[in-house]
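*Asks:* Got a predicted structure plus its sequence, pasted below:
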Amino acid sequence: MAALEELSSAGIRNLSLRNIAATLGLAPNALYRYFSDRAALEEALADECARRLEMALRKAAHGSVAAKAIRRMAGAYLRFARENRNLYEVFMSFQTPDRTGSPRQNLWSFTVEQVQSITGEAHAKEAAVALWALLHGTATLEAGQVLGDNKPASGFEFGLNAWLLLAETPVSVSRANKSPR
């Protein structure tokens, strides 16, 4: 928890093992009993962020079906990215292996399950990547304060509507495998 608080207030670039140790009342070297190095700490923080994001998405989707669940999850994802900017940054910048049972894999599996309820099994993973790209792109544009009159934030809603339209449209295997001209 001390590391999460430090990350939330200082950001990943300014994360200080000394400050974390001081908060815990430990000598700086004592942290190495828990984390072999800074990379191990960052991996643990990225995993915790994945757990928290998954909980937010599960809560948003609970009791909703198909398109409504995706819309609610999308809103929860963007709220999480806005309200936890530093946690979100470490989650997106520090890559941990997608091993079975890992927080990132659990988050991905849940997302694919929700998407699959709309697309069916055949294209669920591709559709989940497209949805994730839309969400991450929007979160990045918001964080960079790029959106405004010339680049309206309503573009997200347009993108989500387009995603839902295609996701809900049956795609034949032959049409999906054709390369664009």
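*Replies:* Happy to help now that I have it.
*Asks:* For the closest residue to Phe80 other than its chain neighbours, give me its contacts.
*Replies:* Spatial nearest neighbour of Phe80, chain neighbours left out: Ala56 (5.0 Å); criterion: CB to CB, 6 or more residues apart in numbering. (Each C-beta comes from the backbone N, C-alpha and C, glycine too.) Residues near Ala56 by CB atoms under 8 Å, 6 or more residues apart in numbering: Ala76, Tyr77, Arg79, Phe80.
*Asks:* pLDDT score assigned to the last one?
*Replies:* The predicted structure scores Phe80 at 95 on the pLDDT scale.
*Asks:* Any idea how many residues pack against Pro152?
*Replies:* Residues within reach of Pro152, counting by other CB atoms under 10 Å, total 11.
*Asks:* Need the phi and psi values for Leu147.
*Replies:* Main-chain torsions, Leu147, degrees, to the nearest 10: phi -80, psi 140.
*Asks:* for the one 4 residues further on, same thing?
*Replies:* Dihedral angles of Lys151 (phi, psi; degrees, to the nearest 10) stand at phi -130, psi 80.
*Asks:* That one reaches Gly144, doesn't it?
*Replies:* No: in this structure, Lys151 is not within contact of Gly144 by CB atoms under 8 Å, at 10.5 Å.
*Asks:* what residues are up against Leu78?
*Replies:* Leu135, Thr138, Ala139, Glu142, Phe156.
*Asks:* how about 10 Å then?
*Replies:* Leu135, His136, Thr138, Ala139, Glu142, Phe156 (CB atoms under 10 Å, 6 or more residues apart in numbering).
*Asks:* in which helix or strand would I find the nearest residue to Arg99 once chain neighbours are set aside?
*Replies:* Using CB to CB, 6+ apart and skipping residues adjacent in sequence, the residue nearest Arg99 is Gln105, 6.4 Å away. Using DSSP states H and E, Gln105 maps to helix 103-119.
*Asks:* Which other helices and strands does that helix contact?
*Replies:* helix 38-61, helix 66-83, helix 85-93, helix 124-143, helix 154-167 (3 or more CB pairs under 10 Å, 6 or more residues apart in numbering; DSSP states H and E).
*Asks:* Same list, these, but as a markdown table with distance to Gln116 please.
*Replies:* A markdown table is the format used below for the helices and strands packed on helix 103-119 (distance: least, CB to CB, whole Å):
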| stretch | distance to Gln116 |
| --- | --- |
| helix 38-61 | 13 |
| helix 66-83 | 10 |
| helix 85-93 | 23 |
| helix 124-143 | 4 |
| helix 154-167 | 10 |
